[in-house]
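> just the structure for this:
(chains A and B)
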Amino acid sequence: GDSVTQMEGPVTLSEEAFLTINCTYTATGYPSLFWYVQYPGEGLQLLLKATKADDKGSNKGFEATYRKETTSFHLEKGSVQVSDSAVYFCALRSMEYGNKLVFGAGTILRVKS
Amino acid sequence: EPEVTQTPSHQVTQMGQEVILRCVPISNHLYFYWYRQILGQKVEFLVSFYNNEISEKSEIFDDQFSVERPDGSNFTLKIRSTKLEDSAMYFCASLLERTGGIEAFFGQGTRLTVV
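Down below sits the predicted model:
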């Protein structure tokens, strides 16, 4: 079945550092891809999405490009802030029966001032 | 901005009791989901619902679980006889397909504590 693999965390960075969180997927067809963020004690918020190959999703300084050739959707940010500390989940919308969202395990990001 | 609303935000229940978790999805969305997240762990798929019926369910979604959309707006998850291991955050989500892509939104979650 469809699956998402994320880099293990936690990722600890200093403020203004460059962030990359790797995400690769295995899926039937051409799924839509998402990054969700979960701040401490809160629910899941959609951060960005891409629906087809070479699409770039962006929001709040975060970017991710849908790479079909490498089946990847890596999350990047040029300069992280303490307020970016959260858990980041890569997800795909399965094209299999049911159309469910399949999540990666999540990557904890800690940003120090 | 439209949002998915879940109630209650926190529920404490005794083992063996029935609980109903409620969700109001975004009104024009067509696909509905329940997920759960045991503290500090992965977000796990439970069930998807489309056209007033279950379209897929996971191994977790056994006979103790059921879902309903009784009145066209609420979307409920019932756990018939709760176990300690049902303690988790439960998230409802709704999804709309539209030209140019899809939108999937999650509620804030219900934290279920079984004691």
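> doesn't residue A:52 lie inside a helix?
No - under DSSP: H, G, I helix; E, B strand; the rest coil, residue A:52 falls outside any helix and is assigned coil.
> next, count neighbours for it.
Residue A:52 is flanked by 13 other residues according to other C-beta atoms under 10 Å in any protein chain shown. From N, CA and C alone the C-beta is placed, and that goes for glycine too.
> one more: residue B:56?
Per other C-beta under 10 Å, the neighbour tally for residue B:56 reads 18.
> that one touches residue B:47, doesn't it?
Yes - taking C-beta atoms under 8 Å as the definition, residue B:56 is a contact partner of residue B:47 at 7.1 Å.
> in the sheet, who's paired with the residue positioned nearest the centre of chain B?
The residue lying closest to the centre of chain B (C-alpha atoms, centre = their mean) is residue B:34, at 3.0 Å. Beta-bridge partners for residue B:34, by DSSP bridges, are residue B:47, residue B:92.
> enumerate the residues of chain A near chain B.
Residues of chain A lying close to chain B by C-beta under 8 Å from any C-beta of the partner chain are A:32, A:34, A:36, A:42-46, A:49, A:51, A:89, A:93, A:97-106.
> which of those are buried? Put it as a PyMOL command.
Selection of buried members from these for PyMOL, criterion 16 or more other C-beta atoms under 10 Å in any protein chain shown:
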select buried, chain A and resi 32+34+36+43+44+46+49+51+89+93+98+99+100+101+102+103+104+105+106
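> wait, what's in contact with residue A:5?
A:23, A:24, A:25, A:26, A:104 (C-beta atoms under 8 Å, 6 or more residues apart in numbering or on different chains).
> kindly export stretch B:88-102 (C-alpha atoms) in PDB.
C-alpha atoms of stretch B:88-102 as PDB (Å, rounded to 0.1, in the frame of the first residue of the first chain):
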ATOM      1  CA  ALA B  88      -5.300   9.100  22.200                       C
ATOM      2  CA  MET B  89      -6.000  12.300  20.400                       C
ATOM      3  CA  TYR B  90      -8.700  11.700  17.800                       C
ATOM      4  CA  PHE B  91      -8.800  14.000  14.700                       C
ATOM      5  CA  CYS B  92     -11.600  14.400  12.300                       C
ATOM      6  CA  ALA B  93     -10.800  15.600   8.800                       C
ATOM      7  CA  SER B  94     -12.800  16.600   5.700                       C
ATOM      8  CA  LEU B  95     -11.700  16.900   2.100                       C
ATOM      9  CA  LEU B  96     -13.000  18.500  -1.000                       C
ATOM     10  CA  GLU B  97     -11.900  17.900  -4.500                       C
ATOM     11  CA  ARG B  98     -11.900  21.000  -6.600                       C
ATOM     12  CA  THR B  99     -10.400  22.200  -9.900                       C
ATOM     13  CA  GLY B 100      -6.800  22.700  -9.300                       C
ATOM     14  CA  GLY B 101      -6.400  20.300  -6.400                       C
ATOM     15  CA  ILE B 102      -7.900  19.200  -3.200                       C
END
